[in-house]
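Q: Test case, fold it:
(chains A and B)
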Protein chains: 2
Amino acid sequence: MRILLAAALALLMTACAQRGTGDLGLVVERADGRLMVVETSGSTRLAGIDGLGDLSHAALVYSRDERYAFVFGRDGGLTKVDLLSASIVGRVMQSGNSIGGAISQDGSLVAVANYTPGGIKVFDSRTLAQVADIPALGADGKASKVIGIADLPGKRFIYTLYDAGEIWIADLADLQAPRLTKFTNIGKLPYDALVTGDGRWYLAGLFGEDGIALLDLWNTDQGVRRILDHYGKGQEALPVYKMPHLRGWAAAGDEVWLPAIGHHQVLVVDKGKWTEKTRIDVAGQPVFAMARPDGRQVWVNFALPDYSKVQVIDTQTKRVIKTLEPGLAILHMEFTPRGERVWLSARDSDKVVVYDTETLEQVAEMPAVKPSGIFFTNRAHKTGL
Amino acid sequence: MRILLAAALALLMTACAQRGTGDLGLVVERADGRLMVVETSGSTRLAGIDGLGDLSHAALVYSRDERYAFVFGRDGGLTKVDLLSASIVGRVMQSGNSIGGAISQDGSLVAVANYTPGGIKVFDSRTLAQVADIPALGADGKASKVIGIADLPGKRFIYTLYDAGEIWIADLADLQAPRLTKFTNIGKLPYDALVTGDGRWYLAGLFGEDGIALLDLWNTDQGVRRILDHYGKGQEALPVYKMPHLRGWAAAGDEVWLPAIGHHQVLVVDKGKWTEKTRIDVAGQPVFAMARPDGRQVWVNFALPDYSKVQVIDTQTKRVIKTLEPGLAILHMEFTPRGERVWLSARDSDKVVVYDTETLEQVAEMPAVKPSGIFFTNRAHKTGL
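A: Residues are numbered from 1 along each chain as shown, chains lettered A, B, ... in the order given. Model (predicted):
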């Protein structure tokens, strides 16, 4: 009996080991429907969580205590995982096809943007009970895919209707009667969007036109305006091998850095005037252009066939200071909260590599099965992530 | 025996209850040498931690996992507390008198700035073993008080020498041989300083002169320059009842908001040009001017005799939109990570009050014994906090 007791206690001690959650993260192992729980203080893998379903193009957001993640799967699954126990604590099949979601400022609501059948569904973040279902019927009366969803202050979410070419804001202060604000005719095929870190500017990239739709969220009465119109004009557009990801758009000081669709260039845009300041030649079609948290570097990865390269740009001199080849098929990059390191997914090398952002040298790596997205818990504290 | 076992298990389950640490914080109960552990999801007090010594003017920083805090006491004590177990896990008396410290970007080093005997001491964040002791002898050969310490990228700390009028950067990459970079003759009596959130600009307020010393940390070869020279010129300076706190200086978009020493005004400074854009009349001598995380509001508290008022300024219209009286002697304010709420210490009302930043209404309060500083764990992820 005494031995049993000791064993039970030891087991319990292990199972409930306390730890802080500020240095945790998740890496998507897409092919296996699995998440790796990692920690960034020692750059190690802590555990795996299986059973997430189809994780191709999966995204996730964190609860405000940095303990739980809400994972949006391509199969329409919304899964709540606990990083401390490395387990699934809730899962609902909410639609046929989802590519992203957001969590409200106060952490109480999780909204999922859907391709099929379109629209958003909103869930209680504690229980995953559905609390709202908002179809996306454009001005043309047809159902539209929803993309580019992000949280706004209050219980509000903003998103684009891809087919209809609209931006909507859903205010869920009253769950019984969500209030919608619609901006129509914003441009053709808004394919992704972002909110700047200060929550003020919403930028929607247009796949059907050569420009970006901009909404000043502090002055929504001024409506949507077009910026960077015809930024690719006069150049022959290249076939687009992979759509750039706009959440990766980087704000560094008073500049926004963004991948130029189809071009081997990154655009530097004046934040405020919203005009192009310059463009920088890079090694391929950029997918993510991400600023180190202090804004002093922008890291860029690429579409096929250049997707095993990563370039580091100095934001002051606007020069590429290093071209790295960290592994095969670099799909995603994530900086540690204060930026001393960056983690990179090398899908076809089946590993995650960690670089020191000052020396630009590799400092750690760990095996991972076909890794894609990397998400650290400090996203919990940020608007639009 | 079975009852004993059940009791032991129940006790253990309680003692080691897991929880995330992203929504935690500490409130200083200065008179009692005690910290309150709080959580911001439900706005409640979780526990108390006694035995911290002299906590008047205490400051603290967080470990990168958001589990531990390092508390800098006025008695020279450096105390490491565990928020999860609500207990002290280490304490050293490191000097005679400390008023602040910082934690390195990678979380491995904690530096303490000292009044007496001056200089900084650096400790291993795991063990609190001292790893470096750097006196602060100015160009005049005399020991100087050290103020305004902050972390910089790499294992570097920046601080001012109050008596000597200098700014130093200590690089601790090699603990055996710390490398010092000194900027002399920066102005008289730098009394506090801050690093902007992007880690680029270091601003030191001068008590002995009417202006601010500015260092561009991306271009330190350009040296220190003076900005806002004679910003109080032509006006009769009022007696200063309480020194403004510069860590509260607010960056909102491309503007920096700062309290004008001795004047009933807040200055709005163009970030980049570093010239005054405008100044806003407020209800008293400002102490903290803090931006809501999205930069849309700046909250200001005041020195005696107006220290029971708080004013909220709209950063777009530059107007005071509300004057609040949340309690007696409002010493500190802290926003929740994404800014939906702000916590205020009402020292002479013996309570902490919580406001909704959208409605500007009180939404919660809790008793606290002479509360002063409030610190939420998301500071762990920020440079300069």
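
Q: can you tell me the residue of the stretch 101-250 of chain A closest to chain B?
A: Residue of the stretch 101-250 of chain A nearest chain B, by CB to the nearest CB: residue A:199 (4.2 Å). (Glycine included, C-beta is placed from N, CA and C.)

Q: That residue touches residue A:156, doesn't it?
A: No. Using CB atoms under 8 Å, residue A:199 makes no contact with residue A:156, being 10.2 Å away.

Q: When these two are compared, which one has more neighbours?
A: Neighbours were counted for residue A:199 and for residue A:156 using other CB atoms under 10 Å in any protein chain shown; residue A:199 has more, 25 against 22.

Q: what kind of secondary structure is that one in?
A: What DSSP: H, G, I helix; E, B strand; the rest coil gives for residue A:199 is coil.

Q: what's near enough to touch the residue of the stretch 101-250 of chain A closest to chain B?
A: By CB atoms under 8 Å, 6 or more residues apart in numbering or on different chains, the residues touching residue A:199 are A:152-153, A:217, A:383-384, B:294, B:296.

Q: mind listing the strands for the stretch 51-200 of chain A?
A: A:59-62, A:68-72, A:77-82, A:87-93, A:97-103, A:109-116, A:120-124, A:130-134, A:146-152, A:156-161, A:166-171, A:179-183, A:190-195 (DSSP state E, counting those that start in this stretch).

Q: For these, give me CSV that also has mean pLDDT.
A: Below are the strands of the stretch 51-200 of chain A laid out as CSV (pLDDT from 0 to 100):
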stretch, mean pLDDT
strand A:59-62, 96
strand A:68-72, 97
strand A:77-82, 97
strand A:87-93, 96
strand A:97-103, 88
strand A:109-116, 93
strand A:120-124, 97
strand A:130-134, 97
strand A:146-152, 93
strand A:156-161, 96
strand A:166-171, 98
strand A:179-183, 97
strand A:190-195, 87
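
Q: For my notes, please list those in CSV and give distance to chain B for each entry.
A: Shown next, in CSV, are those (distance: least, CB to the nearest CB, whole Å):
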stretch, distance to chain B
strand A:59-62, 8
strand A:68-72, 7
strand A:77-82, 9
strand A:87-93, 12
strand A:97-103, 10
strand A:109-116, 12
strand A:120-124, 14
strand A:130-134, 18
strand A:146-152, 8
strand A:156-161, 10
strand A:166-171, 12
strand A:179-183, 15
strand A:190-195, 10
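
Q: do stretch A:322-339 and chain B meet?
A: Yes. Judged by CB under 8 Å from any CB of the partner chain, stretch A:322-339 comes into contact with chain B at A:337-339.

Q: out of the residues you listed, who has the most neighbours?
A: Neighbour-wise, the residues of stretch A:322-339 next to chain B (other CB under 10 Å) top out at residue A:337, 26 neighbours.

Q: My guess is that residue contacts residue B:64. True?
A: Yes. Assessed by CB under 8 Å, residue A:337 is found in contact with residue B:64 at 7.1 Å.

Q: and for the two, which residues touch both?
A: In contact with both residue A:337 and residue B:64: A:22-23, A:40, B:380-381, using CB under 8 Å, 6+ apart.

Q: about what we covered before: which one of the contacts of residue A:199 has the most neighbours?
A: That'd be residue B:294 among the contacts of residue A:199, by other CB under 10 Å, with 25 neighbours.

Q: need the contact list for that one.
A: Residues counted as contacts of residue B:294 (CB under 8 Å, 6+ apart) are A:153, A:198-200, A:383, B:339.

Q: just residue A:252 next, same as before
A: Applying CB under 8 Å, 6+ apart, we find residue A:252 in contact with A:291, A:295-296, A:298, A:315, B:198.

Q: out of everything not next to it in sequence, what's closest to it?
A: Among residues not flanking residue A:252 along the chain, residue A:295 sits closest, at 3.4 Å (CB to CB, 6 or more residues apart in numbering or on different chains).

Q: Run through chain A and note the low-pLDDT ranges.
A: The model of chain A has pLDDT under 70 over residues A:1-16, A:232-249.

Q: try 80
A: Where chain A drops to pLDDT under 80, the residues are A:1-17, A:96, A:99, A:210, A:230-253, A:261, A:385.

Q: quick one, helices of it?
A: Listed in chain order, the helices of chain A (DSSP state H) span A:2-15.

Q: how about the strands in the stretch 201-350 of chain A?
A: Ranges of strands in the stretch 201-350 of chain A, per DSSP E, counting those that start in this stretch, are A:201-206, A:212-216, A:224-227, A:250-252, A:255-259, A:265-270, A:276-281, A:286-291, A:297-302, A:310-314, A:319-324, A:330-335, A:341-346.

Q: tilt between the first one and strand A:156-161?
A: Going by axes from the mean of the first three to the mean of the last three CA atoms, to 10 degrees, strand A:201-206 is angled at 20 degrees with respect to strand A:156-161.

Q: what helices or strands is strand A:201-206 leaning on?
A: Packing contacts for strand A:201-206, counted by 3 or more CB pairs under 8 Å, 6 or more residues apart in numbering or on different chains; DSSP states H and E, involve strand A:190-195, strand A:212-216.

Q: May I see the buried residues of that strand?
A: By neighbour count on 16 or more other CB atoms under 10 Å in any protein chain shown, the buried set for strand A:201-206 is A:201-206.

Q: Distance to residue B:52 for those - can I get that in JSON lines?
A: Shown next, in JSON lines, are those (distance: CB to CB, whole Å):
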{"residue": "A:201", "distance to residue B:52": "43"}
{"residue": "A:202", "distance to residue B:52": "45"}
{"residue": "A:203", "distance to residue B:52": "47"}
{"residue": "A:204", "distance to residue B:52": "50"}
{"residue": "A:205", "distance to residue B:52": "51"}
{"residue": "A:206", "distance to residue B:52": "56"}
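
Q: mind checking which of the strands of the stretch 51-200 of chain A is nearest residue A:361?
A: Proximity to residue A:361 (CB to CB) singles out strand A:59-62 among those, at 29.3 Å.

Q: mind saving the C-alpha coords of that closest one as PDB?
A: Taking C-alpha atoms only, strand A:59-62 is exported to PDB below (Å, rounded to 0.1, in the frame of the first residue of the first chain):
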ATOM      1  CA  ALA A  59      -3.900  28.500 -37.800                       C
ATOM      2  CA  LEU A  60      -4.500  29.100 -34.100                       C
ATOM      3  CA  VAL A  61      -5.000  31.700 -31.500                       C
ATOM      4  CA  TYR A  62      -4.400  31.700 -27.700                       C
END
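
Q: so how far is it from its chain's centroid?
A: Computed by CA atoms, centre = their mean, to the nearest Å, the chain-centroid distance of strand A:59-62 equals 8 Å.

Q: Can you list the strands that that strand pairs with?
A: Using DSSP bridges, the strands paired with strand A:59-62 in its sheet are strand A:68-72 (antiparallel).

Q: Check the offset of the strand it pairs with from the chain's centre.
A: The answer for strand A:68-72 is 12 Å, by CA atoms, centre = their mean.

Q: Name the residues of it that are buried.
A: Using 16+ other CB under 10 Å as the burial criterion, the residues of strand A:68-72 that qualify are A:68-72.

Q: do stretch A:282-298 as well
A: Neighbour counts over stretch A:282-298 (16+ other CB under 10 Å) mark A:282, A:284-298 as buried.

Q: swap in stretch A:216-233?
A: Buried, per 16+ other CB under 10 Å, within stretch A:216-233: A:217-218, A:224, A:227-228, A:231-232.
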